[in-house]
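>>> This is a predicted model, with the sequence first.
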Amino acid sequence: MSANTERKVEQVSTTAAPAPLPQFSQAIKFNGMIYCSGNIGAIPNTNMQLRQTLKNITAVLEAGGSSLRNVVKVNIFITDMANFSLINEAYDEFFTWSPKPARTCVAVHQLPLGTDVEIEVTAFVN
């Protein structure tokens, strides 16, 4: 029996979102939860990048039997805190219900592939 079978860890993968680097999975399901790796958008230098990132995350969640509505925790990493209000504006387009998920937003020095936002989420599986 493999270690993944014993722990009931399941990899989540979809072609509806960018493929991950070989060092990680798009998401992992474990014990009724889905843990999405950090995701970046595909439209650099626009406030649309966050929207694309959330669309990618939505696709991964759905591939894992969950949805954006099931998200309980969001971690947002941005390279410029001056974009905080733009982040909130786009975020509110996707998370329209109450209570909203718990959330952290921090500024970092830089992110992979020259992006200015990266998001990871944790959600429960339907």
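Here it is on my side, so go on.
>>> other SSEs contacting the host helix or strand of Asn88?
Take DSSP states H and E as the rule and Asn88 turns out to sit in helix 84-94. Packing partners of helix 84-94 (3 or more CB pairs under 8 Å, 6 or more residues apart in numbering; DSSP states H and E): helix 48-63, strand 71-78. Where C-beta positions appear, they are placed from N, C-alpha and C, glycine not excepted.
>>> Run the angle between the last one and helix 48-63 for me.
For strand 71-78 against helix 48-63, the angle between stretch directions is 150 degrees (axes from the mean of the first three to the mean of the last three CA atoms, to 10 degrees).
>>> In strand 71-78, which residues are buried?
Val71, Val74, Asn75, Ile76, Phe77, Ile78 (16 or more other CB atoms under 10 Å).
>>> Also stretch 111-126?
Under 16+ other CB under 10 Å, the buried positions of stretch 111-126 are Thr115, Asp116, Val117, Glu118, Ile119, Glu120, Val121, Thr122, Ala123, Val125.
>>> Of those, which is the nearest to Asn88?
Nearest to Asn88 out of the buried residues of stretch 111-126 is Val117 (CB to CB; 12.1 Å).
>>> Check which element follows the lowest-mean-pLDDT helix or strand in the chain along the chain.
Least confident element among the helices and strands of the chain, by mean pLDDT, DSSP states H and E: helix 3-7 (a mean of 60). Per DSSP H and E, the first helix or strand lying C-terminal to helix 3-7 is strand 10-12.
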